[in-house]
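Colleague: build me a structure from this.
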Amino acid sequence: MPTVDAAELLLALAEDPGRSWLPAELSAKLRPTSALSDADMQRYLDHFQAAGLAAADADGRRQYRPADEALAAHVRMLAQAYKERPVTLFRVIYALRDLKIRSFADAFKLKRKWAWCRSSPFCTRLRS
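Modeller: This is a model prediction of the structure:
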């Protein structure tokens, strides 16, 4: 789950699986606790659809429709964590996001750490 807002959006869909939602209706349901932009909402809804968690109607409405029982079980587990231990869930989501950012930044550190090697005669001989 990329963000807390995405988790809340998925849980809003899953709360009423028989209903088809317009994005504006979901936005209204999530307010005032979420400041999800229309673009982010659309991106998350598309992600849920691609992951087999939701389906889209011809008129753009979205409905929670997991492709299999395993996905439905994961969403139930997410809902339980959100209900019983929301702070822990938020920390995990943010920690995973921070880990991705740190990993990306570390790739540049590695390049910078070995930048001296480009002009070193020793490294030139190793590359030959």
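
Colleague: just for this protein, where's the confidence low?
Modeller: By pLDDT under 70, the low-scoring segments of the chain are 97-128.

Colleague: just the strands from it, written as ranges.
Modeller: With DSSP state E as the criterion, the chain has strands at 54-56, 62-64.

Colleague: what does the last one contact?
Modeller: What that stands for is strand 62-64. Here strand 62-64 makes contact (Cβ atoms under 8 Å, 6 or more residues apart in numbering) with 10, 13-14, 16-21, 23, 26, 45, 48-49, 53-57, 75. In short, each C-beta sits where N, CA and C put it, glycine included.

Colleague: can you check the first one too?
Modeller: Judged by Cβ under 8 Å, 6+ apart, the contacts made with strand 54-56 from elsewhere in the structure are Leu13, Leu45, Phe48, Gln49, Arg62, Gln63, Tyr64, Arg65.

Colleague: got the buried residues for that strand?
Modeller: Ala54 (16 or more other Cβ atoms under 10 Å).

Colleague: out of the strands of the chain, which comes closest to Leu36?
Modeller: Of all the strands of the chain, strand 62-64 sits nearest to Leu36, with 13.8 Å by Cβ to Cβ.

Colleague: I'd like the distance from stretch 7-19 to the chain centre, please.
Modeller: The chain centroid and the centroid of stretch 7-19 are separated by 15 Å under Cα atoms, centre = their mean, to the nearest Å.

Colleague: could I have the CA atoms of it written out in PDB?
Modeller: As requested, C-alpha coordinates have been extracted for stretch 7-19 and formatted as PDB (Å, rounded to 0.1, in the frame of the first residue of the first chain):
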ATOM      1  CA  ALA A   7      -5.400   2.400   2.200                       C
ATOM      2  CA  GLU A   8      -8.300   4.600   3.300                       C
ATOM      3  CA  LEU A   9      -9.600   4.700  -0.300                       C
ATOM      4  CA  LEU A  10      -9.400   0.900  -0.600                       C
ATOM      5  CA  LEU A  11     -11.200   0.400   2.700                       C
ATOM      6  CA  ALA A  12     -13.900   2.900   1.700                       C
ATOM      7  CA  LEU A  13     -14.500   0.800  -1.500                       C
ATOM      8  CA  ALA A  14     -14.400  -2.500   0.500                       C
ATOM      9  CA  GLU A  15     -16.800  -1.200   3.100                       C
ATOM     10  CA  ASP A  16     -19.700  -1.400   0.700                       C
ATOM     11  CA  PRO A  17     -18.700  -4.000  -1.900                       C
ATOM     12  CA  GLY A  18     -22.100  -4.000  -3.700                       C
ATOM     13  CA  ARG A  19     -21.900  -0.300  -4.500                       C
END
